[in-house]
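**Student:** Return a 3D structure for these sequence lines:
(chains A and B)
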Amino acid sequence: MTNRLRNKLLRRLQFRESWVILFVVGFIMMNFPFLHIFNKPSTIFGYPLMFLYFFLGWAVSIFVIYLFTLAVSHTADKTPENPQQ
Amino acid sequence: MNSGFAHAAIISTLYTALIFLIAWYAHRRKETGRSIVDNPYVYSLSIAVYCTSWTFYGSVGKAATTGLDFLMIYVGPSLTAFSWFFLLRRIVRISKENNITSIADFISLRYGKSLWLGALVSLISILGIMPYIALQIRAVSTSFYLISGFQANRIHIPHNGTELTVPTGMLLALILSVFSIIFGARRLASSERHEGLIAAVAFESLVKLVSLLGVGIFVTYYLYDGFGDIFTRFHAARPELFEQLFTFGGARNDPDYIPSFTMLSMSMAAIMLLPRQFHVMVIENSDERHITKAMWLFPAYLFLINLFVMPIAMGGIMTTGSSSGADFFVISIPLLSGHGPIALLAFLGGLSAAAGMVMVESVAISTMLLNNIFMPVIVRFTPQPWFPYLLINLKRLGIFLVIFLGYFYYRMVGDTYMLVNMGLISFSAACQFLPAMLGGLYWKRGNKTGAITGILFGFLIWTYTLLLPSFSKSGWLGTDLLTKGPFGIGLLKPTELFGLSNMDLWSHSLFWSMLFNVSAYIFCSILLRQDEAEREQVQRFIGIYDLERAYDHPAETKRLSKPVTISQFVNLMAKFIGEADAHKAISSHLGNREIRPDGNVSEFELPNLKRFAEKTLAGSVGAAAAGAIVESFLSDMGSRMESVYDIFSSVRTSLDQSREALYVRLKASEIINRTLDLQIIMDDLLSLLLKEFRLDVAIIQLRNGNGTLAVKSYQGSNRRPINQNHWFMENAAYWDMAMLDRKPHFVNDTSQIEATINLEQTLAEGIVSCAYLPIFREGEPSLGVLSVFSKSITGIFTEEFISLLCSLAGQLAQAATIVREMEAKEHERNEKEQALLEKARVMRDMEIAQQIQISLLPDAAPETFGIDLAGRCISAAHVGGDYYDFFKRDSQTIDLLIADVSGHSVGAALIMAEVRTLLRAQVNSANSASAILQLLNSQLYDDLTRAELFITMFYAKYNSATGRLSFANAGHNRPMISREGEQLCIELDTEGLILGVKTSVVFEERSFELKSGDVLLFYTDGLTEARNDRDVLFGNERVCALLGTQRHLPAREIIESFYTAVRDFTASETFQDDISLVVLKIL
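**Tutor:** Okay, here's the model as predicted:
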């Protein structure tokens, strides 16, 4: 079950469109008005909201790229003759 | 000098030595083929050269003054990493294909190897990077003072009694220069990877990460109680500052405030476009697959290195009480809290960060400087053997220049800006490459003029709005320009251009420069056309993913007007990259290529060879300069690249053949299949060639029966009677070669032909290019030659065209062979028919001869009283040599003879006729049998000898009144007599030589008394020598026995019974030899 879900996810990530969309999403998230939502001096458990937003968001984005690279090597394993797709 | 200074100096020296060792080890490993650099982790760490002392010191400074927005500089590249999978990989692939050495090289290559563009990009890089290097020098100098507790910025060295004063910054610049030269400029080939340098940089990246993490953990977990604690305490201590630092726009009134969007955009562009980033990511990339891993490793690195920046900044503010001097919190916090070793660790981290950046940057930019600014000048001179030394030293000089320009900027601008803001000036400069770069990769129409004007405008505005203000702010230029504008024109104030006020310096500059840059790029690109060199590169840059297959075999549409030999190319390359490298390069290139017997490559390979020479040179001197070098070399040789007239102009089909080629093939096979008349095929085929391609003369020669070539079809102009003086005969050398080696031979430019072959008349006819194609079937000798000539187009014979012509010649050979085979069969049939006719005619003649011969024999014996006489001859062939005759002398005397001319040829028959004639003449003159034989012999001797024949003859004379038979024999079978009551036959025996052996022979004459009832049989040897299938002869006994049993029959029936007996005996209807029988029965 998890395996199937994983394969499905990895397959979606192989499309070039996914890369572009996530790149654009990242760019939007790093700009107003998204930043405006977190642009408050409040804290959560003593951590500033903006600090959390940035570092958690960043970590997530790195993880997403990691998933991408997994997807790429996943394809490369399956169809070694066509590694670009 | 105090102990702090000594400590810092010693630690720095030791650290330097360590880095040097690592670099040396990496280099050694590379030499032995076991690279330590060739893996994604080192690659990712080397990309982290992005984090300079700006990150190390400046981030904390920025965080302490304007807050979280410092992160934008790192989030930007992290976002860009999403695009690496297609963007960076594409750039790397193109760069590897073309031996790209720098970003200037890359951009100039895309826009048709433009020298101006390369020089412009290099210039911007050098000037744009000045603040960045100044930043490093400043950071390291300042940190050095801090760590050594040494407040003056000069080092005093006792020297000959007086003190030599050296500024620390200059010393640092000097050390860094030497370092960079050792790592980056030992060899000239810049496209080659510098494994030592990369190993050092990667190690330094590791050190700065560990160092900053160390300081961060020290502050967060040693001085404070973790993240939560530090946030809470800071919130309690400085609530207003807390709010400012953790929200955006809170510090809007701060002169150093830069909107997050500006920083994000600039950093996103800078990670790809800074010369050193391009260098480590593209030039030093050893494997495309490393990119995929670096895509998350590098952002993870950025994430880690920034994790503790905020806590350090807050800790610093709380420790020092203010955010002034925040740029060096990393060192000052441990120092102030009394932890020297931590401070030293921080210092090392900062030193690493700065050194790594300066080394890579200076190497990258000096390469640009050499290839794009020095080389275009150098290539104007004739290459000299000492060029390699000049070039490498120019490169070293470039490194000094880059670093010292940074140093002077540092001296001029000093501490006016925060570290981060100084760096952003450089980022802004790098951004000017963005339109040309992205447009070059994704927009087909982007052209050279657009790129040059765009970059130039962007650069000018950058200089005016960012570089100049930085000079004037530091007091070096005076502030009048900033406050009043040039010549007092307020609209042109560098910081408020065209009245755009209330914007920070960086956003303002970025907005105007990018606006002008992008507009000029797009405007010029749309307005003006690309030249041919550009279009070729567009194919390579943009087509690289879409036309992968075509890219592997780029269709060559150029040719060299005059062939250049391999060794000439090698000599050229040797002048720039050295003899050994040149030979190594060429041998790897030629590897498995076909080389003609004269040591050259074929004409179609030449453009590839030229491109290879360019590419090899590009690896050392840059693409633009390499193009110029090869170009001028070719023009010195009197050769040049020229466009090939593209016969197949229409769109290529998937079969890699143009529509025209397919059409011509189709037409040709129609022509060939339509008829079996070779002449029509040849004429139509040549007409087709003349019509479809711009050829003027086409000739087909075919081999004659005796092996010589003869013109079979001639189409086109310049037609004369074909003879030895025809202009076409001059080309014999070519067609002979084509006939012999069965390969196409062609001359693409008759004016460039070698002196050995004289084509004067052909030239005079206006022929500019010609080709000779052997007509042959695979594995068979050539049948002839197809020659085509063009008067209008030099270089018409492209590889594709030649192969089309060859295939047409092959089809023609097929047709010619079929037609010839059919002709041969027809001929054979005719001959057979002729032979049959001839035979029939001979047969008829023979039949006539047979009739005549038969008529020569007496058809019935003369009626003579008392005897029953009969004779018959059956020839084995039509005519034979047997002969018998009877002559009645008077009523009682009859002469009878039987003869056999040897053989049964016509000759024998003729001799027989002669014998008959002679006998008829002689019969009345001589009486005795022997006399007649003797006379015959002497008369026939000459004829018989000439004809190599001879005759046996038995001549008898019977007198019925006396019953006496007198006879003579010339070697003939002895006749047999069967007598009533006697078992055995009597043989008439007498001596006598065969006729025609000797001139005069005496024949014995005998006589024999015949009685009534005697039956005489005269026969020829065909009777006794008849053989049956058991090889048994008929023999005398059987003759005698048969004669005995049949003697009672009439003479004619006796003869018939003999023939029947022989037929029965041989079991055959025909006889092997002529058989003549004469029976004389005495009644």
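**Student:** interface residues of chain A facing chain B?
**Tutor:** With the criterion set to CB under 8 Å from any CB of the partner chain, chain A comes near chain B through A:16, A:19, A:22-23, A:26-27, A:30-32, A:35, A:39-41, A:43, A:45-51, A:54-55, A:58-59, A:61-63, A:65-66, A:68-69, A:72-73, A:84. Placement of C-beta: from N, CA and C, glycine included.
**Student:** B:Phe954 belongs to a strand?
**Tutor:** Yes. Counting by DSSP: H, G, I helix; E, B strand; the rest coil, B:Phe954 is found in a strand.
**Student:** Need phi/psi at the closest residue to chain A within the stretch 801-950 of chain B.
**Tutor:** Nearest to chain A in the stretch 801-950 of chain B, going by CB to the nearest CB, is B:Ser803, at a distance of 29.4 Å. Main-chain torsions, B:Ser803, degrees, to the nearest 10: phi -70, psi -30.
**Student:** Residue ranges in the stretch 501-650 of chain B under the pLDDT threshold?
**Tutor:** B:543-559, B:561, B:592-600, B:638-650 (pLDDT under 70).
**Student:** Next, count neighbours for the nearest residue to B:Thr65 once chain neighbours are set aside.
**Tutor:** What sits nearest to B:Thr65 in space, not counting adjacent residues and going by CB to CB, 6 or more residues apart in numbering or on different chains, is B:Ser323, at 5.2 Å. By other CB atoms under 10 Å in any protein chain shown, 21 other residues sit near B:Ser323.
**Student:** so what's B:Ser323 up against?
**Tutor:** Under the criterion of CB atoms under 8 Å, 6 or more residues apart in numbering or on different chains, the neighbours of B:Ser323 are B:64-65, B:241, B:313, B:316-317.
**Student:** taking the residues you listed one by one, which sit in strands?
**Tutor:** Assigned to strands by DSSP state E, none of the contacts of B:Ser323 qualify.
**Student:** Let's test this: mean pLDDT of stretch B:872-892, rounded?
**Tutor:** Mean pLDDT, computed over stretch B:872-892, is 84.
**Student:** Need the buried ones from the contacts of B:Ser323 selected in ChimeraX.
**Tutor:** To isolate the buried subset of the contacts of B:Ser323 in ChimeraX, counting by 16 or more other CB atoms under 10 Å in any protein chain shown, use the following:
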select /B:64,65,241,313,316,317
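**Student:** which SS state does B:Leu896 fall under?
**Tutor:** Per three-state DSSP, B:Leu896 ends up strand.
**Student:** so it bridges to which residues?
**Tutor:** Per DSSP bridges, the residues bridged to B:Leu896 are B:Phe886, B:Ala956.
**Student:** ok, now which ones touch it?
**Tutor:** For B:Leu896, the contact set (CB under 8 Å, 6+ apart) comprises B:869, B:871, B:884-887, B:956, B:958, B:1018, B:1078, B:1080.
**Student:** One more: B:Ala81?
**Tutor:** Residues near B:Ala81 by CB under 8 Å, 6+ apart: A:65, B:294-296, B:298-299.
**Student:** just curious, which of those is nearest to B:Arg89?
**Tutor:** Checking the contacts of B:Ala81 against B:Arg89 with CB to CB, the nearest one is B:Met295 at 10.0 Å.
**Student:** Can you report how many residues lie near the closest one?
**Tutor:** Using other CB under 10 Å, B:Met295 is surrounded by 26 other residues.
**Student:** which residue does the stretch 251-400 of chain B bring closest to chain A?
**Tutor:** B:Trp296 (4.3 Å).
**Student:** Which of the helices or strands spans that residue?
**Tutor:** helix B:289-307 (DSSP states H and E).
**Student:** For that helix, buried residues please.
**Tutor:** Judged by neighbour count (16+ other CB under 10 Å), helix B:289-307 contains these buried residues: B:289-303, B:305-307.
**Student:** CA atoms only: put it into CSV for me.
**Tutor:** C-alpha atoms of helix B:289-307 as CSV (Å, rounded to 0.1, in the frame of the first residue of the first chain):
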residue,chain,number,x,y,z
ARG,B,289,24.6,12.9,-12.5
HIS,B,290,26.2,14.8,-9.7
ILE,B,291,23.8,17.6,-10.4
THR,B,292,20.8,15.6,-9.3
LYS,B,293,22.3,15.0,-5.9
ALA,B,294,23.7,18.5,-5.5
MET,B,295,20.1,19.8,-6.0
TRP,B,296,19.2,18.9,-2.5
LEU,B,297,22.6,18.6,-0.9
PHE,B,298,23.5,22.2,-1.7
PRO,B,299,20.2,23.7,-0.3
ALA,B,300,20.7,21.5,2.7
TYR,B,301,24.2,23.0,3.2
LEU,B,302,22.7,26.5,3.0
PHE,B,303,20.0,25.5,5.4
LEU,B,304,22.5,24.2,8.0
ILE,B,305,24.9,27.1,7.7
ASN,B,306,22.1,29.6,8.2
LEU,B,307,20.4,27.7,11.1
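**Student:** so what's the residue nearest the centre of chain A closest to, chain neighbours aside?
**Tutor:** Nearest to the geometric centre of chain A sits A:Val64, at 3.1 Å (CA atoms, centre = their mean). Leaving aside its sequence neighbours, A:Val64 sits nearest to A:Leu22 (CB to CB, 6+ apart; 6.2 Å).
**Student:** pull the longest helix from chain A.
**Tutor:** helix A:49-78 (DSSP state H).
**Student:** helices and strands around that helix, which ones?
**Tutor:** Contact analysis of helix A:49-78 by 3 or more CB pairs under 8 Å, 6 or more residues apart in numbering or on different chains; DSSP states H and E lists helix A:2-12, helix A:16-29, helix A:34-38, helix B:72-84, helix B:289-307 as its packing neighbours.
**Student:** Can you say which of these is nearest to B:Trp506?
**Tutor:** Across the helices and strands packed on helix A:49-78, B:Trp506 has its closest neighbour in helix B:72-84 (11.8 Å, CB to CB).
**Student:** Next, the contact list for B:Ser428, please.
**Tutor:** Taking CB under 8 Å, 6+ apart as the definition, contacts of B:Ser428 comprise B:128, B:266, B:462, B:466, B:506, B:509-510, B:513.
**Student:** Would you mind giving the residues you listed as JSON lines with neighbour count and distance to chain A added?
**Tutor:** Compiled in JSON lines, the contacts of B:Ser428 are given as follows (neighbours: other CB atoms under 10 Å in any protein chain shown; distance: CB to the nearest CB, whole Å):
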{"residue": "B:Gly128", "neighbour count": "28", "distance to chain A": "24"}
{"residue": "B:Met266", "neighbour count": "27", "distance to chain A": "13"}
{"residue": "B:Trp462", "neighbour count": "27", "distance to chain A": "23"}
{"residue": "B:Leu466", "neighbour count": "25", "distance to chain A": "23"}
{"residue": "B:Trp506", "neighbour count": "22", "distance to chain A": "16"}
{"residue": "B:Ser509", "neighbour count": "29", "distance to chain A": "20"}
{"residue": "B:Leu510", "neighbour count": "29", "distance to chain A": "15"}
{"residue": "B:Ser513", "neighbour count": "27", "distance to chain A": "21"}
